[in-house]
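S.K.: fold the stuff below for me.
(4 chains)
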There are 2 protein chains.
Amino acid sequence: MLGMANRDRRAERREATRAEILEAAWEVAREKGLAALTLRDVATRVGMQPPSLYSHFESKNAIYDAMFGQAWSEYERADLAAAAEASGSPRARVLKRSLVFFDFAVADLARTQLMNQRTIPGFEPSEESFAPSVRAVQRTAKDLAELGVTDRGDVEILFSIIGGLADQQLANDPGGDSRRKLLTRAVTMWADGVGLPHEAKGSQEP
Amino acid sequence: MLGMANRDRRAERREATRAEILEAAWEVAREKGLAALTLRDVATRVGMQPPSLYSHFESKNAIYDAMFGQAWSEYERADLAAAAEASGSPRARVLKRSLVFFDFAVADLARTQLMNQRTIPGFEPSEESFAPSVRAVQRTAKDLAELGVTDRGDVEILFSIIGGLADQQLANDPGGDSRRKLLTRAVTMWADGVGLPHEAKGSQEP
DNA sequence: GTCTATACTGTGATAGAC
DNA sequence: GTCTATCACAGTATAGAC
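M.R.: Sure, this is the predicted structure:
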């Protein structure tokens, strides 16, 4: 019993330290750029010597990996909330989800680079960290299928449109909203192209 | 006279060495990743000691800058050739140019990261290196305007669609062609959305 | 003018003391 | 679990040979 309790407290402490390190890593990545992340900066920020980080992460890439998993988990939560909250016509639902994706991407360049671009040479997310990414994409595809978009290619095109707008926003107008203003028009083009109905199925019947 | 001749030969030699260094830099960037480029690797490849590179470039970022300018100049050439070669309906012309952009982006991840993403922390292209980028974008916008697409936002949306598809191709299916197959459909959605005519202006009249 | 030799600082990583 | 010490190698800069 006492052994168990001790082990739990230790595990909690360990987990808290890991979270602290990751939070510091996000700060550094946001301030100096994802690729400019250094273990020294992270260690200094949490009050450790650089080698001590290796007690919690086996390499720098392991930190990137944990950050990757965190980022996609956060997005998964944001997308789930948007899916639950979204209402109205299929187009309104798609637009709402698209805006959430766009805003999430544009809010943090370092995070988007880690999630969607191959910025860090040699970094490949682990299967575990990749899982929330797969889930998010699959659920979006499933939700779109229920709205009538069954072609997987059409789903990929929507992702590309929104991701492309977000990337252009980040690259050419960071902090601005020039591309966000174009999102509704772009998604409407896509909705027209795939024949997304203006009204929900059966909304005419009752 | 003799002085001139000597200066010319020296300038040529200098320029050739610069070009050699840049070619080596591209090789390293392609093989190891853009952010993993090191002056050591570049120097080794051209048979120099690392510090000797400073006789030709004042910093590592100056090398990135020259690469940036090269990449956009290459694209400018490719786009000009495509513009001259493209024929037929407005849609066929736009599709041709879109394919050239897509293929150019997908052919080289490191190059695309340098051109369109903010992969290297602290790197900002110089005005001189940025010029071909500006020219290419402006000329495309002008050509599209002549085809009837006058809204600058619509042009940005097209760039985002193609860029987004290319980035997804590079990130999720490097070396494949899954997104290339979707390009025609995506561009068609855009063409429908902006009301791009199927036939050229006046093609009905003669 | 261009290269070599050398050195300074900072990076990720490992080994071993406590 | 954290520290000190140390390593190999990165980018950068200067001095001096030729």
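
S.K.: just the mean pLDDT for the longest helix along chain A, thanks.
M.R.: Assignment by DSSP state H gives helix A:2-32 as the longest helix of chain A. Averaged across helix A:2-32, pLDDT comes to 87.

S.K.: that one near DNA strand D at all?
M.R.: Yes. Counting by CB under 7 Å from any atom of the strand, DNA strand D is contacted by helix A:2-32 at A:Arg10, A:Arg14, A:Thr17. Any C-beta I mention is one placed from the backbone N, CA and C, and that applies to glycine too.

S.K.: ranking those by neighbours, who comes first?
M.R.: Taking other CB atoms under 10 Å in any protein chain shown as the neighbour criterion, A:Thr17 ranks highest of these with 16 neighbours.

S.K.: leaving out sequence neighbours, find the closest residue to that one.
M.R.: A:His56 (5.9 Å; CB to CB, 6 or more residues apart in numbering or on different chains).

S.K.: what does the pLDDT read for the one you found?
M.R.: 97.

S.K.: quick one: neighbours of it, just the number.
M.R.: Neighbour tally, A:His56, other CB under 10 Å: 19.

S.K.: contacts only, for it.
M.R.: Applying CB atoms under 8 Å, 6 or more residues apart in numbering or on different chains, we find A:His56 in contact with A:Arg14, A:Thr17, A:Arg18, A:Ile21.

S.K.: any weak-confidence spans in chain A?
M.R.: A:1-7, A:201-206 (pLDDT under 70).

S.K.: run the last query once more with 50
M.R.: Flagging of chain A using pLDDT under 50 yields the residue ranges A:2, A:204-206.

S.K.: near DNA strand D, which residues of it are found?
M.R.: Checking chain A against DNA strand D by CB under 7 Å from any atom of the strand, the hits are A:Arg10, A:Arg14, A:Thr17, A:Gly47, A:Met48, A:Gln49, A:Pro51, A:Ser52, A:Tyr54, A:Ser55, A:His56.

S.K.: wait, which of those is closest to DNA strand C?
M.R.: Nearest to DNA strand C, judged by CB to the nearest atom of the strand, of the residues of chain A next to DNA strand D is A:Pro51 at 3.2 Å.

S.K.: hmm, A:Lys96 is touching A:Ala84, no?
M.R.: No. When contacts are counted by CB atoms under 8 Å, A:Lys96 is not listed as touching A:Ala84 (10.7 Å).

S.K.: compare those two (neighbour count), which wins?
M.R.: Applying other CB under 10 Å to A:Lys96 and A:Ala84 shows that A:Lys96 carries more neighbours, namely 16 against 8.

S.K.: before we move on, what SS does that one have?
M.R.: Three-state call for A:Lys96 (DSSP: H, G, I helix; E, B strand; the rest coil): helix.

S.K.: which residues touch the residue lying closest to it once chain neighbours are set aside?
M.R.: Nearest residue to A:Lys96, sequence neighbours excluded (CB to CB, 6+ apart): A:Ala86, at 4.2 Å. Contacts were defined as CB under 8 Å, 6+ apart; by that measure A:Ala86 touches A:Ala92, A:Arg93, A:Lys96, A:Arg97.

S.K.: run a quick neighbour tally on the last one.
M.R.: One way to gauge burial is a neighbour count; for A:Arg97, by other CB under 10 Å, it gives 22.

S.K.: now do it against A:Leu144, distance only.
M.R.: A:Arg97 sits 9 Å away from A:Leu144, going by CB to CB, to the nearest Å.

S.K.: ok, the second one next?
M.R.: According to CB to CB, A:Arg93 and A:Leu144 sit 9 Å apart.

S.K.: what number of residues lie near A:Asn116?
M.R.: A:Asn116 has 21 nearby residues by other CB under 10 Å.

S.K.: for the closest residue to it other than its chain neighbours, phi and psi?
M.R.: Nearest non-adjacent residue to A:Asn116, counting by CB to CB, 6+ apart: B:Ala171, 5.9 Å away. Per-residue torsions, B:Ala171: phi -80, psi -40 (degrees, to the nearest 10).

S.K.: ditto for the one 5 residues further on
M.R.: The phi and psi values for B:Gly176, taken as degrees, to the nearest 10, are phi -90, psi -170.

S.K.: the helices in chain A, which residues?
M.R.: A:2-32, A:39-46, A:60-85, A:90-106, A:109-116, A:127-146, A:152-172, A:180-194.

S.K.: and those helices as TSV, adding distance to B:Asp177?
M.R.: TSV is the format used below for the helices of chain A (distance: least, CB to CB, whole Å):
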stretch	distance to B:Asp177
helix A:2-32	33
helix A:39-46	39
helix A:60-85	26
helix A:90-106	25
helix A:109-116	20
helix A:127-146	20
helix A:152-172	12
helix A:180-194	21
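
S.K.: what is the burial count for A:Gly153?
M.R.: Neighbour tally, A:Gly153, other CB under 10 Å: 14.

S.K.: count of neighbours near A:Ala200?
M.R.: Neighbour tally, A:Ala200, other CB under 10 Å: 16.

S.K.: and it, how close does it get to A:Thr188?
M.R.: 17 Å.

S.K.: what about A:Ser52, neighbour count?
M.R.: If we define neighbours as other CB under 10 Å, then A:Ser52 has 14 of them.

S.K.: distance of it from A:Leu34?
M.R.: 23 Å.

S.K.: what does the domain assignment say about chain A?
M.R.: Listed domain ranges for chain A are A:1-57, A:69-201 (source: automatic domain parsing).

S.K.: okay, these, which one's buried deepest?
M.R.: domain A:69-201 (a mean of 18; mean count of other CB atoms under 10 Å in any protein chain shown).

S.K.: contacts only, for the residue nearest to A:Arg45 when sequence neighbours are not counted.
M.R.: Here the nearest residue to A:Arg45 in space, its sequence neighbours aside, is A:Ala24; by CB to CB, 6+ apart that works out to 3.9 Å. A:Ala24 sits next to A:Asp41, A:Val42, A:Arg45, A:Val46 when contact means CB under 8 Å, 6+ apart.
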